[in-house]
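Asker: The amino acid sequence is not available; the structure is as follows:
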């Protein structure tokens, strides 16, 4: 088979879809190849009994008039979807220590914290102001990598960004607050990055808070799969070709330059540009002739750690969110304030001290039947700890771990276990299987400060001529970063 | 790896670049052979050899399958199935069979197969497979298994005919592992000599207080003194006692489910305490009351496969079967609407999708369906 395409995109995950739609709509004949029988990658859903389950989308950031919204508008995707704005950022609970819900509003956050921890309003407002400045800077700067002069001039005038951007979130929080409870509440989004506060880059905490406070958190009718399918339709309507159940075994090169791909069934397709939405590790070390991969790339790969994966228990519950005690969609529950307990648990199969419990029926996305609800309980974990299990011990271990997640959620939802109608547990092994990512890493490499785009300028470069990597492995993980970066980068590929 | 020109404007930039240099010096390669790691529990394909064929009843045999390589088979959860991939009369197809052996035994999987009138695959296996033959299957899959998060320790299993096979695996596991779990099997067969695993079940029930077995016969002869009829609310209540929220598994012929759910509902048993094994499509397309009026289910329509050709097929032939009949290959596993492996997109025309298909909101909105449970109503074009 030898169709002539201008570009081939490997993988119909968020970044792959965004890139393929951008290229095709920009007039490049594009072939999109996907291993599974649906688009989406992690942006998908599955059904058990009466329930549909959202696999990965906790809260969609960057909508409102934010960067994601602009990209979805440009790709003619927005009109195909129904977005639901959430009222709250999250509810944070440490049993016996604190229980607070932050609304999705800068001033509302300050008010809520003042209500729970009086006497801190001025500090909170000043901290949020810093977050907004650093967060807004990063959102613009990361999208403007190709304009270094303008960006440098702007950054020169932002001394607080330059002073605080690279610091760990914990250090900045310590500077602003004495009360550990307030620091805990304001750092709750660490799990959306994967680094606990002492290694979470402040610029990333600031970016995440800005995405949700400035542009509001959203859910989607039909879940993330609706958005994947809508991006696919935008691509197809522009004349793009997609092949499902198509597993790329090799990126073909000639004299060191990309000339196409070969599938595991032997089919070959030609194109002078290939965009890989597969993991950087797989792309560089499995799909390419080793002699064409520069040593600098391999050295860089070795220097980076596989990022977090997670264990997620999906529950279909025969009761309403209200009956269950879910007042907020997103619930961060931690057994104690000490960060070390959480950090250690990410490398352990012991009972978890930490969950994010997302209830998709406080602002219903339509996945649960009437009078029922759908909850996903997520604990950050590194994949490696699951590799220590013998295959025959795996099922028992995953249910035991899930039991400890349920124990924590019952703090805010007593009796939850009595109304379980469906329950499915996904571990790092599950995520590895469905995403094809080493270690089941969901956000690519570990997102400490060394992973920042500020220090990984070659991530988006064609280190093998004709090959571009667009995924959580080459930009920040999550919906807004991957979709926006892929679209903007592919826009620039159109000028080549 | 070079830093972006903006990095140098930041405080602490040297600390970060020094840390990166340190990691580059001491770094190790990442595990890249993801597919090999996944294959331990989820092999893309199992190459099997028939070690033994055991006659269970006049119409039923157990095929004992070992891995052709001699390695242990992947672990599974009692109640799960594998999908055999076969070529019969030139047509490539697949069929799901629950594993009846215990999950504690990984040297072999037992598949227990009953003759079905008109059953193409079951009868092919019963009539042609002998020890030494090679078979190919998927890895173990399926959601019909015990889940300790909510099933509890006091279980009821309502089985009909060959629907006893997953129960047998669950019972064997309770016995082999000495699990603190009780299971009451109420097992309906047509005749006493149709009962599969009768000797072993009765022996386990005598020796193991956790396991209770009741046989119910719908067409008893004069020798049968046990319970008779179907697994009605009255029969189940009399044999198993009040269900009181006990998790109740149901597995049997597709036609059994609607009846069994009515009986359980009559007993006041909440739906969330019932687990159904996906087991085929209950009603032929034209007989489903949702089938569009005035559309002849036997008439032929044209099915086109995007970019790859077209063929004629009767409306009441499931798309998956029709595609296989005509030489098109696609992944399929449960063939009962549930697993979604055989998903296709309908890009033109309309299909009727049976209620067994577990479609998602976005599938309906964007035209995806499960081809094992979908029937072409008009001329259609599909893509997969």
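Answerer: Looks like it came in fine. Values in this document were obtained by computation on a predicted structure and should not be read as measured data. Numbering: from 1, shown residues only, chains lettered A, B, ... in the order given.
Asker: Looking at chain A, which residue is nearest chain B?
Answerer: residue A:302 (3.1 Å; C-beta to the nearest C-beta). Heads up, the C-betas are built off the backbone N, CA and C, glycines and all.
Asker: Name the helix or strand for residue A:163, please.
Answerer: Following DSSP states H and E, the helix or strand that holds residue A:163 is helix A:159-164.
Asker: just how off-centre is that helix within its chain?
Answerer: 26 Å (C-alpha atoms, centre = their mean, to the nearest Å).
Asker: does any bit of it sit next to chain B?
Answerer: Yes - against chain B, helix A:159-164 shows contacts by C-beta under 8 Å from any C-beta of the partner chain at A:162-164.
Asker: buried residues in that helix?
Answerer: For helix A:159-164, the neighbour count (16 or more other C-beta atoms under 10 Å in any protein chain shown) marks A:161-162, A:164 as buried.
Asker: and it, what does it pack onto?
Answerer: helix A:121-142, helix A:202-215 (3 or more C-beta pairs under 8 Å, 6 or more residues apart in numbering or on different chains; DSSP states H and E).
Asker: gap between residue B:76 and residue B:14?
Answerer: Going from residue B:76 to residue B:14 by C-beta to C-beta, to the nearest Å gives 54 Å.
Asker: follow-up on the earlier one: continuing past the helix holding residue A:163, what's the next helix or strand?
Answerer: Downstream of helix A:159-164 (by DSSP H and E), the next one is helix A:169-176.
Asker: now whatever helix or strand comes next after that next one: how far from the chain's centre is it?
Answerer: Later in the chain than helix A:169-176, the nearest helix or strand by DSSP H and E is helix A:180-186. Put simply, helix A:180-186 sits 23 Å off its chain's centre (C-alpha atoms, centre = their mean).
Asker: Could you point out which residue ranges in the stretch 51-200 of chain B have low pLDDT?
Answerer: Of all residues in the stretch 51-200 of chain B, none has pLDDT under 70.
Asker: Can you name the residues of the stretch 151-300 of chain A that neighbour chain B?
Answerer: A:151-152, A:155-156, A:162-167, A:221-223, A:225-226, A:228-230, A:232-233, A:244-245, A:281-282, A:285-286, A:296, A:299-300.
Asker: Of the residues you listed, just the buried ones, ChimeraX syntax please.
Answerer: Entered in ChimeraX, the line below selects the buried ones among these, by 16+ other C-beta under 10 Å:
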select /A:151,155,162,164,165,166,167,221,222,223,225,226,228,229,230,232,233,244,245,281,282,285,286,300
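Asker: In helices only, show me the residues of the stretch 151-300 of chain A next to chain B.
Answerer: The helices, defined by DSSP state H, take in A:151-152, A:155-156, A:162-164, A:223, A:225-226, A:228-230, A:232-233, A:281-282, A:285, A:296, A:299-300 from those.
Asker: Looking at residue B:76 and residue B:14, which has the bigger crowd around it?
Answerer: Using other C-beta atoms under 10 Å in any protein chain shown as the criterion, residue B:76 and residue B:14 rank with residue B:76 on top: 23 against 10.
Asker: quick one: the helices in the stretch 251-384 of chain B?
Answerer: Ranges of helices within the stretch 251-384 of chain B are B:256-266, B:319-325, B:361-366, based on DSSP state H, counting those that start in this stretch.
Asker: out of those helices, nearest to chain A?
Answerer: Among those, helix B:361-366 sits nearest to chain A (C-beta to the nearest C-beta), with 4.1 Å.
Asker: Please point out which parts of that closest one sit buried.
Answerer: For helix B:361-366, by 16+ other C-beta under 10 Å, it's B:361-363, B:365-366.
Asker: so residue B:123 sits right up against residue B:115, yeah?
Answerer: Yes - counting by C-beta atoms under 8 Å, residue B:123 does reach residue B:115; the two are 5.8 Å apart.
Asker: doesn't residue A:485 make contact with residue A:142?
Answerer: Yes - taking contacts as C-beta under 8 Å, residue A:142 lies within contact range of residue A:485: 7.2 Å.
Asker: So for these two, which residues contact both of them?
Answerer: A:475-476 (C-beta atoms under 8 Å, 6 or more residues apart in numbering or on different chains).
Asker: Same drill for those two, tell me which one is more crowded.
Answerer: residue A:485 (28 against 23).
Asker: mind checking pLDDT for that one?
Answerer: pLDDT for residue A:485: 95.
Asker: With the one 10 residues further on instead?
Answerer: As predicted, residue A:495 sits at a pLDDT of 92.
Asker: Can you show me the strands along the stretch 351-496 of chain A?
Answerer: A:354-359, A:373-381, A:420-426, A:467-469 (DSSP state E, counting those that start in this stretch).
Asker: Residues contacting stretch B:44-56, please?
Answerer: B:61-69, B:73-74, B:82, B:85, B:108-110, B:112, B:129-139, B:196-197.
Asker: and it, how far from the chain's centre?
Answerer: 17 Å.
Asker: which residue packs closest to the residue of chain B found nearest chain A, ignoring adjacent ones?
Answerer: Closest residue of chain B to chain A, C-beta to the nearest C-beta: residue B:27 (3.1 Å). Once flanking residues are discounted, residue B:27 sits nearest to residue A:302: 3.1 Å by C-beta to C-beta, 6 or more residues apart in numbering or on different chains.
Asker: Make sure the one you found is actually in contact with residue B:28.
Answerer: Yes - the pair residue A:302 / residue B:28 is scored as a contact, 6.1 Å apart, by C-beta under 8 Å.
Asker: more crowded one of those two?
Answerer: Higher neighbour count among residue A:302 and residue B:28: residue A:302, with 16 against 8, using other C-beta under 10 Å.
Asker: Let's have the helices of the stretch 251-384 of chain B in TSV, adding mean pLDDT.
Answerer: Below are the helices of the stretch 251-384 of chain B laid out as TSV (pLDDT from 0 to 100):
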stretch	mean pLDDT
helix B:256-266	95
helix B:319-325	97
helix B:361-366	92
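Asker: Show me the one of those helices that comes nearest residue A:495.
Answerer: helix B:361-366 (31.8 Å; C-beta to C-beta).
Asker: packing partners for that closest one?
Answerer: helix A:223-237.
Asker: mean confidence score for the helix it packs on?
Answerer: Helix A:223-237 comes out at a mean pLDDT of 97.
Asker: Kindly report the same for stretch A:295-303.
Answerer: Mean predicted lDDT for stretch A:295-303 stands at 92.
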